[in-house]
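Trainee: sharing a model prediction with you, sequence too.
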Amino acid sequence: MNHLVLPAGVSPYIIVPYRCTESYDGGNFFTYPERKGWAKDIESNDFSRRSPSETNAFFQTWLFFGCLTEVLKAGGVNVDTNDFIDIKSNTVTTQKLQQLIAQWKSLWPTSNDVSKRCHCRSYQIDVPDKTCSHKRCWQSVVRDRNSVALRTTLVILRTVSRFIDLGGTEGNDLAVGEDHSIAPVILLDPEIVLSISALGSALHRACQLVYESPPARLSWKGTAIMKERLQRANWCPSRIAGTMDRLSIEGQYYCAANPAKEAGDHSKCSTRRCVAQTIDEDHYPTRHVPGCSCKSAGVPQEELLDIIRQGDEGHTPIVTWIEGNGGIEGRAIVSDASDVKVSPNSNVCTYVAISHVWSQGLGNPAENTLPICQLSQIQQMVDDLFADRAVNEHIPFWMDTLCVPVGKNLKEFREKCIIRMRTIYEEATAVLVLDVGMQEVSSSSPIVDRAIAVFQSAWWRRLWTYQEGVLAKQLYIRLSDGVQDLHKIAEEAHEHNVELEQQGYTSTELMSMDVSAHFTLGKWRPGEKRDMYYLPISDAVSNRSTTRGTDETLCLSTVLGIHPGPFLSIKGLPDQVIDRRMELFLHHIQKFHRGIIFNSLPRLKRDGYRWAPRSLLGHAVGDMGTQYTLADVKHPAYKALLYESHHGVEGLVVRQYSGMCLESVATSHPTTIIVGDGDARYRVQLLLDESSDFSGWNPAAKYSLVFSEMPGTAMNMPQQEHPVLVDVESPGIRRIGTMAVLGTRVDHVDDIPMVIRIRYACRAWVTIVEEDQRFDVKGKVLPEESVLWFML
């Protein structure tokens with residue numbers, strides 16, 4: 001694990017034992033099990049006749065040393081495996097890996113040799129068939145020369161990744177696209193699993209850099225050791241899940257090296273939600289500056305209300321704190337931002353909007369006041385942003401604690417503030433982020449530490465702070481000794497990442513922790529189509545939470561320039577309000593990536609919307625049922641349309657998905673059935689997760705399956721025309737499954753031809769099984785060109 005970056009002063013904390021009983025023999029990587037008498041074990045996925053020591057020795061020799069040797073051999077680099085063994089301690093070391101990767105990279109052509117007028121590389125994912133007429137075209141100089149080595153490398157890495165899945169220790173939580181027919185069966189030491197996975201991840205990233213190829217869809221698991229370290233530091237399960245989900249092994253290893261102890265009781269938290277940060281307004285402790293117990297002060301309420309009641313949607317109140325002097329107490333002055341001008345020729349006031357996390361003590365649910373010590377400190381922090389301000393000049397600021405009226409009788413004013421929220425943050429000269437964790441890091445700390453401080457901050461995990469970051473003109477992070485622009489931190493991280501790659505490191509975690517990218521992707525501008533932002537925004541808020549579920553669509557509508565008024569007008573019980581507001585939000589989006597129907601999240605319950613997630617908060621990568629790329633967006637099948645038929649029936653019209661209609665299913669059948677269509681047999685395993693609405697088979701119902709793609713086997717997978725651009729399937733994987741949606745069929749939609757209308761029941765995992773196997777239910781496959789789906 002020596003090749004992984006660690007915080008300054010921290011030594012490698014995971015020691016990998018050397019368990020091999022012989023050296024790798026240097027033969028064909030894929031026939032190694034046969035040469036060593038393990039072919040039957042591999043074929044049957046049954047290793048019960050092998051002892052733990054035998055299993056560890058075999059897989060370490062094959063998947064670690066064999067992978068290392070053969071991947072680098074394909075790249076023209078010879079490996080002495082003794083360089084990766086510390087004989088004194090009998091452990092594995094990767095101290096020389098960076099040096100070998102740098103050598104590997106130096107041997108292969110780069111885009112520097114390509115004609116400057118050729119742009120084929122930029123099209124390799126979106127339009128792989130695009131060519132140009134330049135003699136030194138990227139395809140001939142780079143892609144075609146790399147194709148054999150790249151294909152060999154990808155097949156090896158896919159094989160290693162697959163066996164790591166079988167020997168991983170994360171449990172049975174499977175994402176979209178994983179094979180639900182195979183359970184973990186290889187019992188390996190966790191340190192060995194992790195070392196193989198860390199090596200695979202490093203070689204995978206190096207492969208992309210050396211051969212200039214798009215990333216293959218490979219997962220590198222076996223990271224339970226890091227997860228346990230974070231648990232011992234009392235991290236919330238949702239925070240751990242977000243870290244493990246968003247960061248690869250390199251980032252997880254860094255975060256788990258010396259994790260800060262997290263406060264609070266997280267025993268009732270889940271991987272989707274932290275309840276320890278939920279605000280209890282009846283027992284809320286407003287925080288003082290450490291060591292202080294001063295009294296509180298605030299803005300005159302009537303003056304505040306007079307500003308907010310101006311016009312139909314109110315004006316923006318801003319606050320300036322004036323320190324006490326000569327026996328005169330300090331006071332907060334509230335002004336109307338529209339009345340305070342920068343200069344005679346400007347209509348925009350200079351003010352700073354404060355972004356903070358209420359659970360850290362800078363809120364006040366009872367009145368618009370804060371401790372004087374906090375008011376004084378916040379004013380000084382705001383003033384420090386403007387080095388060229390006049391002596392004794394104070395810059396006003398907007399802060400929800402002071403500027404959004406509280407009290408049951410002031411709800412009308414709070415709603416005006418919510419409606420105006422986009423204007424408040426857009427018109428602010430800057431947004432200043434105040435987070436306790438980030439204020440423990442100095443501006444001189446290593447860039448990795450600063451990037452991680454932002455990535456792991458409570459501010460990064462709350463809903464409303466996303467809106468505040470997206471709408472900011474300039475976004476400043478307050479550190480222990482000053483401020484830094486978040487986008488400047490991202491630029492510095494990118495430069496540092498380039499330096500690491502030049503030294504042979506392959507970690508891209510600084511890019512994964514670039515939270516500024518989420519704010520850039522979510523910055524909707526008037527005139528742009530909102531449907532293009534639905535998936536990027538759902539990704540950006542996936543790790544976030546809020547105390548009030550009813551706030552989610554208020555925040556998201558504000559980000560997308562949708563007037564919050566109609567959302568605020570929806571009243572009722574909280575659960576009803578959440579659902580109705582989300583339905584309204586979906587109508588404003590209108591078009592969606594078709595893969596959303598395969599999402600694994602809790603869903604809306606009303607017909608017409610059962611295909612849609614009830615919330616975009618608290619989910620992992622893959623839970624939305626689809627990933628988004630530019631190629632998808634340009635494809636005509638990208639969009640599924642929220643549609644209302646002539647009969648007033650609402651639903652999502654989805655095209656270009658094949659499926660299957662089932663005959664009657666008896667009540668007695670289990671949740672896994674075999675379906676027969678002619679000679680073909682399909683194993684259908686129902687996935688009764690949070691998204692399901694299935695209580696058992698109904699023999700009176702008509703069931704249909706919608707396939708994300710036709711189930712296939714390794715034997716009938718089509719040959720790939722572009723081996724450099726497309727993933728390859730590894731040998732030894734006999735079953736290829738597909739995610740599907742099960743629903744009950746209802747009447748056809750008369751005004752749309754070829755449409756089958758179904759009511760969502762649950763997701764299912766479908767695989768092809770042996771043709772001579774008995775089946776439980778008859779079915780008929782529907783080719784994608786013969787049907788449109790109307791998802792209720």
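Mentor: Received, thanks.

Trainee: OK, contacts around Arg136?
Mentor: Neighbouring residues of Arg136 by Cβ atoms under 8 Å, 6 or more residues apart in numbering: Asp113, Val114, Ser115, Cys118. Where C-beta positions appear, they are placed from N, C-alpha and C, glycine not excepted.

Trainee: filter those to the buried ones?
Mentor: Val114, Ser115, Cys118 (16 or more other Cβ atoms under 10 Å).

Trainee: quick one: low-confidence ranges for the stretch 551-700 of the chain?
Mentor: 627-638, 645-649 (pLDDT under 70).

Trainee: can you pull out the strands in it?
Mentor: Using DSSP state E, counting those that start in this stretch, the strands of the stretch 551-700 of the chain run over 591-593, 639-644, 650-654, 659-662, 672-677, 680-687.

Trainee: picking up where we left off before, out of the contacts of Arg136, which comes closest to Leu72?
Mentor: When the contacts of Arg136 are compared for distance to Leu72 (Cβ to Cβ), Asp113 wins out at 22.3 Å.

Trainee: now stretch 497-507: mean pLDDT?
Mentor: Averaged over stretch 497-507, pLDDT sits at 75.

Trainee: state which helix of the chain is the longest.
Mentor: helix 144-167 (DSSP state H).

Trainee: biggest strand in this structure by residues?
Mentor: The single longest strand within the chain, with elements called by DSSP state E, is strand 755-768.

Trainee: after the longest helix of the chain, which helix or strand is next?
Mentor: Using DSSP states H and E, the helix or strand that follows helix 144-167 in sequence is helix 190-211.

Trainee: what is that following helix packed up against?
Mentor: helix 52-59, helix 67-74, helix 97-106, helix 144-167, helix 224-232, helix 249-255 (3 or more Cβ pairs under 8 Å, 6 or more residues apart in numbering; DSSP states H and E).

Trainee: so which elements touch the fourth one?
Mentor: For helix 144-167, the helices and strands in contact under the criterion 3+ Cβ pairs under 8 Å, 6+ apart are helix 67-74, helix 190-211.

Trainee: least confident of the ones you listed, on average?
Mentor: Among the helices and strands packed on helix 144-167, helix 190-211 scores lowest, with a mean of 90.

Trainee: just to revisit the earlier point, adding distance to Ser195, write the strands of the stretch 551-700 of the chain out as a markdown table.
Mentor: As requested, the strands of the stretch 551-700 of the chain are exported to a markdown table (distance: least, Cβ to Cβ, whole Å):
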| stretch | distance to Ser195 |
| --- | --- |
| strand 591-593 | 37 |
| strand 639-644 | 43 |
| strand 650-654 | 43 |
| strand 659-662 | 43 |
| strand 672-677 | 36 |
| strand 680-687 | 32 |
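
Trainee: in terms of mean pLDDT, which of the helices and strands packed on helix 190-211 ranks lowest?
Mentor: helix 144-167 (a mean of 83).

Trainee: now do it: distance to the chain's middle.
Mentor: The chain centroid and the centroid of helix 144-167 are separated by 24 Å under Cα atoms, centre = their mean, to the nearest Å.

Trainee: what's the angle from it to helix 97-106?
Mentor: 150 degrees (axes from the mean of the first three to the mean of the last three Cα atoms, to 10 degrees).

Trainee: in helix 144-167, what counts as buried?
Mentor: 145-147, 149-167.

Trainee: that helix vs helix 52-59, what angle?
Mentor: Going by the same axes, to 10 degrees, helix 144-167 makes 170 degrees with helix 52-59.

Trainee: could I get helix 144-167 in CSV with only the CA atoms?
Mentor: Extracted in CSV, the C-alpha atoms of helix 144-167 (Å, rounded to 0.1, in the frame of the first residue of the first chain):
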residue,chain,number,x,y,z
ASP,A,144,-4.9,2.0,-33.0
ARG,A,145,-1.3,1.5,-31.8
ASN,A,146,-2.5,1.0,-28.2
SER,A,147,-5.5,-1.3,-29.0
VAL,A,148,-3.9,-4.7,-28.4
ALA,A,149,-2.1,-3.7,-25.2
LEU,A,150,-5.2,-1.9,-23.9
ARG,A,151,-7.6,-4.7,-24.6
THR,A,152,-5.3,-7.2,-22.9
THR,A,153,-5.0,-4.9,-19.9
LEU,A,154,-8.8,-4.4,-19.6
VAL,A,155,-9.5,-8.1,-19.8
ILE,A,156,-7.0,-8.8,-17.0
LEU,A,157,-8.3,-6.0,-14.8
ARG,A,158,-11.9,-7.0,-15.3
THR,A,159,-11.1,-10.5,-14.3
VAL,A,160,-9.3,-9.3,-11.1
SER,A,161,-12.2,-6.9,-10.3
ARG,A,162,-14.7,-9.8,-10.7
PHE,A,163,-12.8,-12.1,-8.3
ILE,A,164,-12.4,-9.2,-5.8
ASP,A,165,-16.2,-9.0,-5.8
LEU,A,166,-16.3,-12.7,-4.9
GLY,A,167,-13.8,-12.2,-2.1
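
Trainee: how close does the residue nearest the centre of the chain sit to Leu560?
Mentor: Nearest to the mean C-alpha position of the chain, by Cα atoms, centre = their mean, lies Val621 at 4.4 Å. According to Cβ to Cβ, to the nearest Å, Val621 stands 22 Å off from Leu560.

Trainee: so how far is Val289 from Gln380?
Mentor: Gln380 sits 11 Å away from Val289, going by Cβ to Cβ.

Trainee: what sits against Glu644?
Mentor: Glu650.

Trainee: which one of the helices and strands packed on helix 144-167 lies closest to Ser695?
Mentor: helix 190-211 (38.5 Å).

Trainee: and the angle from the closest one to helix 224-232?
Mentor: 110 degrees.

Trainee: what segments of the stretch 251-400 of the chain are strands?
Mentor: In the stretch 251-400 of the chain, the strands defined using DSSP E, counting those that start in this stretch lie at 296-298, 317-322, 331-336, 352-356, 369-371, 397-398.

Trainee: and those: which comes nearest Ile15?
Mentor: Closest among the strands of the stretch 251-400 of the chain, using Cβ to Cβ: strand 352-356, at 41.7 Å.

Trainee: strands paired with the closest one, and their directions?
Mentor: With DSSP bridges as the test, strand 352-356 is paired with strand 397-398 (parallel), strand 430-434 (parallel).

Trainee: output the helix or strand following the longest one as PDB, restricted to C-alpha atoms.
Mentor: Helices and strands here follow DSSP H and E; after strand 430-434, the next one along the chain is helix 447-455. Included here for helix 447-455 are C-alpha records, laid out as PDB according to Å, rounded to 0.1, in the frame of the first residue of the first chain:
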ATOM      1  CA  ILE A 447      -4.000  21.100  -0.700                       C
ATOM      2  CA  VAL A 448      -5.200  17.500  -0.100                       C
ATOM      3  CA  ASP A 449      -6.100  18.400   3.500                       C
ATOM      4  CA  ARG A 450      -8.000  21.500   2.500                       C
ATOM      5  CA  ALA A 451      -9.900  19.600  -0.300                       C
ATOM      6  CA  ILE A 452     -10.800  16.800   2.200                       C
ATOM      7  CA  ALA A 453     -11.900  19.400   4.800                       C
ATOM      8  CA  VAL A 454     -14.500  20.700   2.300                       C
ATOM      9  CA  PHE A 455     -15.500  17.300   1.000                       C
END
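
Trainee: list the buried ones in helix 447-455?
Mentor: Applying 16+ other Cβ under 10 Å to helix 447-455 flags Ile447, Val448, Arg450, Ala451, Ile452, Ala453, Val454, Phe455 as buried.
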